[in-house]
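Visitor: Build me a model from this:
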Amino acid sequence: MTDWYETVSGQELAQGDLLLSCPVPLLEEFSMPLPAEFEVAVDYRDLVVLSQSCDLVNDKIDEVLLAAVQD
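Guide: Predicted structure coming up:
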């Protein structure tokens with residue numbers, strides 16, 4: 001199967017864009033109710049955009065769906 005995603009640059013996102021070494025915040029542990037402050041670690045991952053380009057361009061979504069790239 002050929003890769004359906006590609007590395008990009010710039011500010012516009014589209015389905016299939018590859019984000020290399022994208023910072024991902026990780027909430028290591030928490031309790032309920034949430035404390036006023038908590039620690040967040042950062043991991044860097046290669047991610048691909050799964051959200052549809054038409055939804056991104058037309059501001060139809062508030063969040064972007066990403067998936068880890070597994071070669």
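Visitor: Direction included, what does the helix-or-strand element of the chain with minimal mean pLDDT pair against?
Guide: Using mean pLDDT, DSSP states H and E, the weakest-scoring helix or strand in the chain turns out to be strand 6-7, at a mean of 72. Sheet pairing here is set by DSSP bridges, and for strand 6-7 it gives strand 17-27 (parallel).
Visitor: Mind listing what's buried along the partner strand?
Guide: 17, 19 (16 or more other C-beta atoms under 10 Å). Glycine gets a C-beta too; all of them are placed from N, C-alpha and C.
Visitor: quick one: contacts of it?
Guide: Here strand 17-27 makes contact (C-beta atoms under 8 Å, 6 or more residues apart in numbering) with 5-8, 38, 40-49, 66, 69.
Visitor: any idea which helix or strand comes after that strand?
Guide: strand 40-49 (DSSP states H and E).
Visitor: Neighbouring strands of that next one in the sheet, and parallel or not?
Guide: strand 17-27 (antiparallel), strand 66-68 (antiparallel).
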